[in-house]
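> predicted structure and sequence below. I'll ask about it afterward.
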Amino acid sequence: MKAKTNLTMLCDFYELTMANGYFQTGLKDRICYFDVFYRSVPDKGGFSIAAGLAQVVEYIQGLSFDEEDVAYLRGKGCFSEEFLQYLLHFEFTGDIWAVPEGTPVFPGEPILTVRAPAIQAQFVETFILLTLNHQSLIATKSNRIVRAAEGRPVSEFGSRRAQGADGAVLGARASYIAGCASTACTLADQRYGSPASGTMAHSWVQMFPDEYTAFKTYCQLYPNNATLLVDTYNVLKSGVPNAIRAFKEILLPQGITRCGIRLDSGDLTYLSQKARKMLDDAGLTDCKIFVSNALDEYIIRDLVRQGARIDAFGVGERLITSRSEPVFGGVYKLAAIEDDQGNIIPKIKISENPAKITTPHFKKVYRIFSKDTGKAEADLVCLHDEQFDFSQPLELFDPDATWKKKTFTGIYATELLVPVFQGGKLVYQVPDIQTSRAYCQRQVDALWDEVKRFENPHNYYVDLSQKLWDIKQQLLSSNG
Ligand SMILES: Nc1ncnc2c1ncn2[C@@H]1O[C@H](COP(=O)(O)OP(=O)(O)OP(=O)(O)O)[C@@H](O)[C@H]1O
Ligand SMILES: O=P(O)(O)OC[C@H]1O[C@H](OP(=O)(O)OP(=O)(O)O)[C@H](O)[C@@H]1O
Ligand SMILES: O=C(O)c1cccnc1
């Protein structure tokens, strides 16, 4: 089998059986609207960070079945020959809107909308979801970890424990967008520009006859980038003293004062405080203390509260696998179809479980900011063509407890979903990840601290316009 990078065949098999069914029943060109949204924030947080759009764009642009794919599908014995021939010329001709990567997003609101002929719109479900679910999960976790570090740089160290190659590389990419300062993943740097950097492993220290020789050699090779791992034998009795000796003998004579040590075991508060004192007493006040060892946002928050003297964190397995909650439950739901005249017919999914009822129709989302504080106050989900005068007081209501109303004044609003594809053509300039990272930081800064709490965050308002709410109620009372 030839090596393939085209991921067109990465789809759930039912996308293909449904596509064949749409083809055979005349529904293939029926225009459909599908929304991607998610239902609950991982780790009971107050918001998530959207990521992965750049890979969705690449996927959509690369969609194509080749002869080998079609031969394989023919062998399954369940697809019509006309459909298989059609697949050979398959391409995406529809429209996509999405929130830019790095946008804080809330449960229930569309973060990507596809408008396309039924076969196409249905077919892209699997890949769009897996991509947005994975990178949004890692971006959300990384942003929590970065916020716990309160300004100290966090380096992503997780490749070795990631779930596969994409888990490592795209996870590193998402973690950078969400605020990590660097990654240990070289390919993520080469491919996406998230800066790669690193320290050293215990094996380096073990390889030399003694710890001092290991440190000295490293300082000679990398005088401008020497972060020495000091816990291979005994942190306070040998590691830190040997590091101090190597820095003094190799770096200081060259006028280099910037250097570092890394602690990777033991009580990180106690050891960092003791190490700081030893480094300062030796005049190495510019030496940074880096720590790692199964860290996450909770341990980092504890270390900061305990007064640990830590300058930077390396975080691997709990970040790259989002270990505390490893699923981002983004879903892809039909919201509307068009009739032969192009009229939009809203569609709803009514579930036994009220939390699983969808919001119908072709929609847009406004984020409403206070002019005074610059903070985000609420999101308004409305019909795609609704207009509002945001210079006037805006009354919103809780879509579940409709008697709860709030009037906003002194506000401005921005639309969250931006056009990405129109008529199959890419109309969006995918930003480089430095731009997405800076955007993410600005958008997270615009959230109230109450929404950013790790536990029991304030419930951010995601409200429906009156028109949209009315349509939803009509569909609910007429059973769809
Ligand atoms: N002061 C601290 N407060 C809270 N958690 C800490 C503190 N110091 C270290 N930790 C965390 O406690 C855990 C210690 O785990 P563990 O006992 O496996 O580490 P260790 O003793 O360093 O051994 P190992 O060599 O296996 O890593 C790690 O997740 C570490 O980050
Ligand atoms: O703990 P994480 O957050 O995943 O951070 C990455 C870990 O990877 C390295 O350890 P290594 O794989 O060499 O094994 P170790 O656990 O014995 O240190 C490094 O020394 C960190 O401890
Ligand atoms: O550069 C490092 O220190 C590093 C990289 C990967 C995993 N652990 C540590």
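Everything's here; your move. Ligands and ions are numbered 1, 2, ... in the order given.
> what parts of this protein come near ligand 2?
157, 160-161, 201, 264, 292-295, 314-318 (Cβ under 6 Å from any ligand atom). All C-beta spots, glycine's among them, are computed from the backbone N, C-alpha and C.
> restricted to buried residues, select the residues you listed in PyMOL.
To isolate the buried members of the residues of the chain next to ligand 2 in PyMOL, using 16 or more other Cβ atoms under 10 Å:
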select buried, resi 157+264+292+293+295+314+315+316+318
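> neighbours of the residue of the stretch 101-250 of the chain found nearest ligand 3, how many?
Residue nearest to ligand 3 within the stretch 101-250 of the chain: residue 198 (2.7 Å; Cβ to the nearest ligand atom). If you count neighbours by other Cβ atoms under 10 Å, residue 198 ends up with 16.
> wait, it sits on residue 183?
No: here residue 198 does not reach residue 183: they are 9.1 Å apart, not a contact under Cβ atoms under 8 Å.
> okay, and the common contacts of the two?
Common neighbours of residue 198 and residue 183, counting by Cβ atoms under 8 Å, 6 or more residues apart in numbering, are residue 155.
> helices - which of the residues of the chain next to ligand 2 land there?
In this view, those that belong to helices under DSSP state H are 317-318.
> got the contact list for residue 224?
256, 258.
> wait, I meant residue 154
Counted by Cβ under 8 Å, 6+ apart, residue 154 has contacts 142, 145-146, 179-181, 312-315.
> cool, and residue 123?
11, 15-16, 19, 90.
> so what does the residue of the stretch 251-400 of the chain found nearest ligand 1 look like in phi/psi?
In the stretch 251-400 of the chain, the residue that lies nearest ligand 1 is residue 265 (3.0 Å; Cβ to the nearest ligand atom). Dihedral angles of residue 265 (phi, psi; degrees, to the nearest 10) stand at phi -160, psi 170.
> neighbours of it, just the number please.
For residue 265, using other Cβ under 10 Å, the count is 14.
> what's the pLDDT at it?
The model reports residue 265 with a pLDDT of 98.
> so it touches residue 230, yeah?
No: using Cβ under 8 Å, residue 265 makes no contact with residue 230, being 10.2 Å away.
> need the residues that contact stretch 460-471.
Contacts for stretch 460-471 (Cβ under 8 Å, 6+ apart): 46-47, 106-109, 346, 359-361, 363, 376-383, 386, 396-399, 402, 406, 447, 451, 472.
> so which of the contacts of residue 123 belong to strands?
Under the assignment DSSP state E, the contacts of residue 123 contribute nothing to strands.
> residue contacts, residue 365?
Counting by Cβ under 8 Å, 6+ apart, residue 365 has contacts 99, 109-110, 379-382, 415-417.
> excluding chain neighbours, what is closest to the residue of the stretch 101-250 of the chain closest to ligand 3?
Computed as Cβ to Cβ, 6 or more residues apart in numbering, the closest residue to residue 198 that is not its neighbour in sequence is residue 184, at 5.0 Å.
> surely residue 193 and residue 434 touch.
Yes: counting by Cβ under 8 Å, residue 434 is a contact partner of residue 193 at 7.0 Å.
> of all the residues in the helix or strand where residue 191 lies, which ones are buried?
Per DSSP states H and E, residue 191 falls inside helix 186-192. Residues of helix 186-192 classed as buried: 187-189, 192 (neighbour count, 16+ other Cβ under 10 Å).
> please see if that helix touches ligand 3.
No: applying Cβ under 6 Å from any ligand atom, one finds helix 186-192 out of contact with ligand 3, separated by at least 10.4 Å.
> export the following helix or strand past that helix to CSV, keeping only CA atoms.
Sequence order places helix 202-207 as the next helix or strand after helix 186-192, per DSSP H and E. The C-alpha coordinates for helix 202-207 follow below in CSV (Å, rounded to 0.1, in the frame of the first residue of the first chain):
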residue,chain,number,x,y,z
HIS,A,202,19.4,12.3,32.9
SER,A,203,21.2,10.1,30.4
TRP,A,204,23.5,13.0,29.5
VAL,A,205,24.5,13.3,33.1
GLN,A,206,24.9,9.6,33.5
MET,A,207,27.0,9.3,30.3
